[in-house]
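Student: have a look at this fold, sequence not included:
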Ligand SMILES: Cc1ncc(C[n+]2csc(CCOP(=O)(O)OP(=O)(O)O)c2C)c(N)n1
């Protein structure tokens, strides 16, 4: 059947289960947008910034373990979205970007907003697919999804010239390629069992690839818990994956986040076997390549990640397994734990004791604003078992990881690589995908004005996130880094911010705005925010700058002007 390229692309998206796309419209792909709207099978979420649209699409993808879809205009539109594409690339998050392009007859003329996307995106996408012939349009969509979702997931861009959408073709819809995954080799399993049996102090890190599998199959959590309990293994969720293990599980071996506190990392370093299960072992997780050391780990390393190009890329593991981490867990359970696994109980309990001590809900008083710990602990009391928590990047995030008792039934979304701007859009996406459930977003005053404009999108589409702003009047993380690296230099002018009244700002969007100025107002302010439910709430917290993170304070308070 002959049909337009635009129609063929929409049917191809439908074939890939796409039910919503995030965009800022542009004339370069108006033929596609209008066809989607006319056909009315896919919801178009119109955003305020392309980074917002792409962060939302990435979050939507993570919530379904499918590639989310963003549509952006050529040149400036795509340029605005780069931060989210970069983040998805580092975070191994599947994402399909549909990018407008100038008309084919003008290629190479530096026509209005023209850009060579194969060059521009070469280092932050898995592939750029340029569609210049109507016949390959559907094949391009199918390839984009397959590449975005396979191996190490990531972003793929499909570049669509403005004049191609009205071309007609009789090419059929190219159906989705079946998902490809593999289980462990028998020889490798034998070796893994041998190593595990011999280990007195093994440590299991769990990360993003296991998280992705859990989205499709909740049995992942049950199996992980069974493995930990029967084989006597401590389990440590890695940076920005805190909900992979229940915080109060006795086998919790401590959160392997950014800069693990000394008491915990020193004990972790006593491990005699490290098993990374679905964790890439990034700079952050490996504590800047010091645990494990790169390229040769200081202890035996088993690296399980579903992509042979990744296993062995940075670290030289003693055993590399390019397969599904869940399959490894299931295979170990099937083999049965060794009879003397319980000999490791002291090791497990020792780590767990440190973990619990670190997470004690205690904090020091502050004189220059609310200690954000008080707010986060109060919010933790209100969080439902199926809540979604999103986080922007910044030091306020350390309070979440210290004071929120995450559970496997909850969802946590953030840019793992630490891009600012993702928190609010991810909360909007979570509200759309998980209607009727609690969504709480944490963001600093810096991040709030970087991408807080997407509150308008939340209002437009009827989602009701609670957006908690830690307003310490500074880019606090950078202030901290300056202070630590150059303690004698005056640092504040380079990081200080003058902010609006964020509660009043929220009200101009039609959201609720609540301000917390003092610790005595925390309980009532938080309760009021959770009671709203029908529209977005901004909980504006005037927080201490002296308490620079959950773990650190300025010793020289005089350095805060
Ligand atoms: C897009 C982007 N720009 C800059 C940075 C560098 N950066 C990391 S944290 C941070 C400060 C965040 O400030 P704020 O949102 O106020 O949170 P705080 O650290 O004060 O808690 C900056 C500028 C970044 N990670 N991402």
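Tutor: Arrived safely. Computed from a predicted structure; not experimentally measured. Numbers count the residues shown, from 1 in each chain.
Student: count the residues that sit near residue 293.
Tutor: If you count neighbours by other C-beta atoms under 10 Å, residue 293 ends up with 14. Placement of C-beta: from N, CA and C, glycine included.
Student: could you do residue 200 as well?
Tutor: Around residue 200 there are 12 residues (other C-beta under 10 Å).
Student: give me every residue that touches the residue lying closest to it once chain neighbours are set aside.
Tutor: Using C-beta to C-beta, 6 or more residues apart in numbering and skipping the chain neighbours, the partner closest in space to residue 200 is residue 272 (5.8 Å). Neighbour list for residue 272: 199, 200, 201, 202, 299, 300 [criterion: C-beta atoms under 8 Å, 6 or more residues apart in numbering].
Student: looking at the chain, which helix or strand does the model trust least?
Tutor: helix 476-485 (a mean of 88; mean pLDDT, DSSP states H and E).
Student: which parts of it are buried?
Tutor: By neighbour count on 16 or more other C-beta atoms under 10 Å, the buried set for helix 476-485 is 476, 477, 479, 480, 482, 483.
Student: which residue comes closest to the fourth one once chain neighbours are left out?
Tutor: In this case it means residue 480. Nearest non-adjacent residue to residue 480, counting by C-beta to C-beta, 6+ apart: residue 548, 4.5 Å away.
Student: the third one too?
Tutor: Among residues not flanking residue 479 along the chain, residue 495 sits closest, at 4.0 Å (C-beta to C-beta, 6+ apart).
Student: residue contacts, that neighbour?
Tutor: Neighbouring residues of residue 495 by C-beta under 8 Å, 6+ apart: 474, 475, 476, 478, 479, 482.
Student: okay, these in TSV with distance to residue 90 next?
Tutor: Shown next, in TSV, are the contacts of residue 495 (distance: C-beta to C-beta, whole Å):
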residue	distance to residue 90
474	26
475	21
476	22
478	20
479	24
482	24
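Student: the ligand next: which of these are close?
Tutor: Among those, the residues within reach of the ligand (C-beta under 6 Å from any ligand atom) are 474, 475, 476, 478.
Student: which of the residues you listed sits closest to the ligand?
Tutor: Distance to the ligand, by C-beta to the nearest ligand atom, is smallest for residue 476 among these, at 2.5 Å.
Student: measure that closest one to residue 247 for me?
Tutor: From residue 476 across to residue 247, the span is 25 Å (C-beta to C-beta, to the nearest Å).
Student: next: residue 108.
Tutor: Separation of residue 108 from residue 247 (C-beta to C-beta): 56 Å.
Student: same check, this time on residue 392
Tutor: From residue 392 to residue 247 the distance is 22 Å (C-beta to C-beta).
Student: and the two? which has more neighbours close in?
Tutor: Between residue 392 and residue 247, counting by other C-beta under 10 Å, residue 392 is the more crowded of the two (32 against 18).
Student: wouldn't the more buried one be in contact with residue 445 here?
Tutor: No - contact criterion C-beta atoms under 8 Å: residue 392 and residue 445 do not qualify, at 10.3 Å.
Student: before we move on, back to that, what's next to the least confident helix or strand of the chain, contact-wise?
Tutor: So helix 476-485 is in contact with 393-396, 444, 446, 489, 491-492, 494-495, 545, 548-549, 552, 554, 559, going by C-beta under 8 Å, 6+ apart.
Student: could you list which of those residues belong to helices?
Tutor: 396, 446 (DSSP state H).
Student: got a quick ChimeraX command for the buried subset of the contacts of helix 476-485?
Tutor: The ChimeraX selection below is limited to those of the contacts of helix 476-485 classed as buried (16+ other C-beta under 10 Å):
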select :393,394,395,396,444,446,491,495,545,548,549,554,559
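Student: intersect the contacts of helix 476-485 with the contacts of the ligand.
Tutor: Contacts with the ligand within the contacts of helix 476-485, counted by C-beta under 6 Å from any ligand atom: 393, 394, 395, 396, 444, 446.
Student: do you know how far the residue nearest to the last one when sequence neighbours are not counted is from residue 167?
Tutor: Beyond its immediate neighbours in the sequence, the residue positioned closest to residue 446 (C-beta to C-beta, 6+ apart) is residue 475, lying 4.7 Å away. The gap separating residue 475 from residue 167 is 48 Å, by C-beta to C-beta.
Student: so for the two, which residue has more residues nearby?
Tutor: Taking other C-beta under 10 Å, residue 475 and residue 167 do not tie; residue 475 has more neighbours (21 against 17).
Student: OK, contacts around that one?
Tutor: 394, 444, 446, 495, 497.
Student: residue 119 falls within a helix, correct?
Tutor: Yes - counting by DSSP: H, G, I helix; E, B strand; the rest coil, residue 119 is located in a helix.
Student: just give me the neighbour total for it.
Tutor: Residue 119 - counted by other C-beta under 10 Å - has 9 other residues nearby.
Student: okay, helices next: where are they in the stretch 251-400 of the chain?
Tutor: Secondary structure of the stretch 251-400 of the chain (DSSP state H, counting those that start in this stretch): helices at 262-268, 325-335, 345-358, 372-382, 396-403.
Student: out of those, deepest packed?
Tutor: helix 396-403 (a mean of 24; mean count of other C-beta atoms under 10 Å).
Student: check which helices and strands the helix or strand following that helix sits against.
Tutor: Sequence-wise, the next helix or strand downstream of helix 396-403 (DSSP states H and E) is strand 411-414. Strand 411-414 is packed against helix 50-64, strand 388-391, helix 423-433, with contacts defined by 3 or more C-beta pairs under 8 Å, 6 or more residues apart in numbering; DSSP states H and E.
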